[in-house]
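**Q** Need coordinates for the following:
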Amino acid sequence: MAWGLLAVPAFVPAMVCTGYVAAWFSNLHGFRRRSLVERIFWSVPLSLAITPIASVLIGKIFSLNAAVALLVACTCVFATLLWREGRALRRAHGKWNIGFRPLGGVALAAALAWVALVVLSLVDLEWGQRLYINVAMLDQCFRIDWTQSVLHTGVPPVNPMYWFHHAATMRNYYFWYVMCAAVSRMTDLPVRAVFLASSIWSGFALTAVIGLYLKHFLHVGTRLRRQFMRALLLLTVTGLDLVFVVWQLLAYHNPPPSDLEAWSRDAIVSWLHTLLWAPHHMAGMLGCMFAFLLAWTGEQDDAKQRVWKVLFIAMALASAFGMSVYVAFAFFLLAVTWGVWQIAVERTPRAVLLLGAGGAGAAILLLPYLWELTHGSSGLHGGSLLGVTIRQMIPPDGLAATALLQALSGGNGHVARNLARVILLVPGYGIELGFYFAVLLVYLAPAWRGRVRLDGPRRTLVFLSVAIVPFLTTIRSDVLSVNDFGWRAALLLQFPLLLLGSEVLMSWKAAEDGTADAVQSERLPRRIPGWLRSIAALALVFGMLDTGVQALMLRFIVIAGDRHASQGPGGAAKSFAHNAYISDVGYAALNHVIPRDAIVQFDPIARNNYWLATDLMDAKHQAAIVSDQPYCGAELGGDPSGCKPMATAIDALYHGATADEARTTCAELGIDYLVARTTDAAWKDDQGWVWTLPAVVAQKEFRAVKCR
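**A** Residues are numbered from 1 along each chain as shown. Next up is the predicted model:
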């Protein structure tokens, strides 16, 4: 926990200083005359635009240490600028314009609560000889492993999960990991702690972009801070997953999932879920939306400011692409659609031209990365990048309507399921969006918003919300069984709906206070039907409850599951919490005594995902393979033809083999050390390699031996 807390301020050079320096010298939006609070609000997303792409390009041309030097230099300039400004104010007997009041104390308390929530959610909980991880670590473990690879192999990183004769460049969007690795190198903090803090800072960046949109896009005026606090409240609101899960439990006796989102194959996940599981996807969305804001606010800029904005847009979009290819691609489709509408209907092309120029600049900045992706030694494994489908939220199988459709379609189950998916789209989006679905209905139906005429910004938010839906509904990613495109591109629907939702909450507050005239003058929706407002309010309450239950489940479901497994046959042998504990202790000892470039192999035989998570987070070394299943880890780089022979040979070792056989296999595959635990079959062979090869770590339940 202490390391995680220390890593929070460690991100200041990467997430504040670079943007502050750039905004100061460009005087972006009159940056120098803004309050300190608003400067921070500009600095964080601008840093998010600059730091990832700058770190990658500098790291690729020079080294990761050079990227660290950039962060250190920006920090020094940042401190110098503050010192000079403070000295000038003292000489003029002036005071700092902080901008903390009103509601600054409340916002600070919310920030501290967010830090506490993330730290308490993501740190391991130790109880005796058991280590309980958060469910989110099933995803984070891979990203921690990849960040370790950046830290030790540079830019571009090698694939740490697969080694066939030689290292292979990792085929993935790794810009977020480069930034995290630079922070780790700069501060010497553990990668695990740095990655935990990256979730916190992704949340800070989200709140900063929300604040900028309220002030500079929606121009909410005097209600800015009150509406900002309501927008923050909406970050605790998700869909009606809890209602659906409870209904499945009562109607079909389905066991509750480990995560409330898991009932849906193509879920629209909560803000909390994305920030804990995949902060880089959130960062990708924020980079895109920040670029959009810069383009939108460029109407009144002079030529010099427009040049700066095109540069910052280019960097924001380039960083976004390298942090989340799926979100960036969805934004490209959305931006093209919006650009056609803006030119053909709104007849205001300047913002489109600015965004287009920035997009062209982003393509130039990304040329080395794109060349790397298209000229690597390995191809795409596991399916095509994108495919055409019909989004599935409510499962159609088992429903009476699906059976009826199958009968009507002449027994064609495929056609019936697709028809059922189409029919279930509206209720599916209703359940997944919950309160936000009601908000969208309010803005789509003029009569339901009191026929308030929407101005350009609000029309744009509604347009973006509607235009992204066809892409979410018909496109999916096919590399993995999980639809990453559909899950992550949905952020481009959630963000505008959150801003519109804050408008709805402000209209409710104004109606309660009896200030209807203010509602009308400020373009807030009014005269929302009582029945719709009641439904929206109920969905709001359930959405907050859903997020709370989800947070508790992510934290404690592992504890409940481990205790249940331990009570069955096999007892402690089935405890993945105990396995996590012995692995954490064992790998810590191993990493202390072996070279950084050593290849370490653990048992790859298909097993519980929690067990794999501990290996990926704790090993901190290159592995030959991470699994004996298809591709063996080559999905992210490497010649997959080596998977089958390597899996066969390594599986044989972990089923029991002699020391000579282990040495032969290690020599052929380039493995330096083998790891074994009490749960491995090889552990029980007292004449096998586990006990006859020289041990570099020999603990009661964990051994690591040198095999060549």
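**Q** Mind exporting the C-alpha coordinates of stretch 192-208 to CSV?
**A** Coordinates of the C-alpha atoms in stretch 192-208 are reproduced here as CSV (Å, rounded to 0.1, in the frame of the first residue of the first chain):
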residue,chain,number,x,y,z
ARG,A,192,3.1,-2.8,-9.8
ALA,A,193,2.8,0.3,-7.7
VAL,A,194,3.3,2.6,-10.6
PHE,A,195,0.6,0.8,-12.6
LEU,A,196,-1.8,1.1,-9.6
ALA,A,197,-1.1,4.9,-9.5
SER,A,198,-1.8,5.1,-13.3
SER,A,199,-5.4,4.1,-12.6
ILE,A,200,-5.6,7.0,-10.1
TRP,A,201,-4.2,9.5,-12.6
SER,A,202,-6.4,8.2,-15.4
GLY,A,203,-9.3,9.2,-13.1
PHE,A,204,-7.8,12.6,-12.4
ALA,A,205,-7.4,13.2,-16.2
LEU,A,206,-11.1,12.2,-16.7
THR,A,207,-12.2,14.8,-14.1
ALA,A,208,-10.0,17.4,-15.7
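**Q** what's the single longest helix in this protein?
**A** Longest helix in the chain by number of residues (criterion: DSSP state H): helix 530-566.
**Q** just checking, what packs against that helix?
**A** helix 104-122, strand 130-132, helix 241-252, helix 271-277, helix 435-444, helix 576-593 (3 or more C-beta pairs under 8 Å, 6 or more residues apart in numbering; DSSP states H and E). From N, CA and C alone the C-beta is placed, and that goes for glycine too.
**Q** Contacts only, for residue 674.
**A** Counting by C-beta atoms under 8 Å, 6 or more residues apart in numbering, residue 674 makes contact with 600-601, 653, 662, 666, 689-690, 693, 704-705, 707.
**Q** and if you look at residue 125?
**A** When the contact criterion is C-beta under 8 Å, 6+ apart, the partners of residue 125 are 131-132, 559.
**Q** How about residue 394?
**A** By C-beta under 8 Å, 6+ apart, the contact list for residue 394 reads 244, 264, 424, 427-428, 431.
**Q** Sitting in helices, which of these do you find?
**A** Secondary structure from DSSP H places 244, 427-428, 431 of the contacts of residue 394 in helices.
**Q** So among those, which ones count as buried?
**A** Neighbour counting over the ones in helices among the contacts of residue 394 (16 or more other C-beta atoms under 10 Å) leaves 244, 428, 431 as the buried ones.
**Q** Is it correct that the first one is in contact with residue 431?
**A** Going back to what we said before, that points to residue 244. Yes: proximity of residue 244 to residue 431 meets the contact threshold set by C-beta atoms under 8 Å, at 5.5 Å.
**Q** mind listing the helices for the stretch 401-550 of the chain?
**A** Here the stretch 401-550 of the chain has its helices, by DSSP state H, counting those that start in this stretch, at 413-423, 425-433, 435-444, 456-474, 484-489, 491-513, 516-521, 530-566.
**Q** closest one to residue 258 among the ones you listed?
**A** helix 530-566 (4.9 Å; C-beta to C-beta).
**Q** residues near residue 470, how many?
**A** Residue 470 is surrounded by 11 other residues when neighbours are defined as other C-beta atoms under 10 Å.
**Q** List the residues that contact it.
**A** With C-beta under 8 Å, 6+ apart as the criterion, no residue contacts residue 470.
**Q** Now do it against residue 341, distance only.
**A** 14 Å (C-beta to C-beta, to the nearest Å).
**Q** Same question for residue 310.
**A** With the distance defined as C-beta to C-beta, residue 310 ends up 22 Å from residue 341.
**Q** between the helices of the stretch 401-550 of the chain, which gets nearest to residue 172?
**A** Between residue 172 and the helices of the stretch 401-550 of the chain, the shortest gap by C-beta to C-beta is with helix 484-489, which sits at 11.3 Å.
**Q** neighbouring contacts of that closest one?
**A** For helix 484-489, the surrounding residues in contact (C-beta under 8 Å, 6+ apart) are 266-269, 274, 278, 281, 284-285, 324, 326-327, 329-330, 386, 391, 468, 471-472, 475-477.
**Q** Show me how far it is from its chain's centre.
**A** Its chain's C-alpha centre and that of helix 484-489 lie 11 Å apart, by C-alpha atoms, centre = their mean, to the nearest Å.
**Q** Repeat that for stretch 689-704.
**A** The mean C-alpha position of stretch 689-704 is separated from the chain mean by 38 Å, C-alpha atoms, centre = their mean.
**Q** and it, which residues are buried?
**A** In terms of neighbour count (16+ other C-beta under 10 Å), stretch 689-704 has its buried residues at 689-691, 693, 696-697, 701-704.
**Q** Cross those residues against helices and list the overlap.
**A** Secondary structure from DSSP H places 689-691 of the buried residues of stretch 689-704 in helices.
**Q** Please tabulate these in JSON lines, including the columns distance to residue 164.
**A** Written out in JSON lines, the entries for these read as follows (distance: C-beta to C-beta, whole Å):
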{"residue": "689", "distance to residue 164": "22"}
{"residue": "690", "distance to residue 164": "25"}
{"residue": "691", "distance to residue 164": "29"}
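**Q** From those residues, pick the one nearest residue 446.
**A** Relative to residue 446, and with distances defined as C-beta to C-beta, the nearest of those is residue 690, at 73.0 Å.
**Q** In contact with that closest one, which residues?
**A** Residue 690 makes contact with 674, 676, 680, 682-683, 703, 705, according to C-beta under 8 Å, 6+ apart.
**Q** Closest to residue 234 out of the ones in helices among the contacts of residue 394?
**A** residue 431 (17.7 Å).
**Q** Low-confidence regions, the stretch 451-600 of the chain specifically.
**A** For the stretch 451-600 of the chain, residues meeting the criterion pLDDT under 70 lie at 480, 511-522, 563-574.
**Q** at 50 instead, please
**A** Applying pLDDT under 50 to the predicted model, the residue ranges of the stretch 451-600 of the chain that meet it are 517, 520.
**Q** Can you flag the buried ones in the contacts of residue 125?
**A** 131-132.
**Q** Output the contacts of residue 125 as a markdown table; include the columns distance to residue 190.
**A** Shown next, in a markdown table, are the contacts of residue 125 (distance: C-beta to C-beta, whole Å):
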| residue | distance to residue 190 |
| --- | --- |
| 131 | 15 |
| 132 | 18 |
| 559 | 23 |
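**Q** quick check, nearest of the contacts of residue 125 to residue 193?
**A** The closest of the contacts of residue 125, once distances to residue 193 are taken by C-beta to C-beta, is residue 131, at 15.5 Å.
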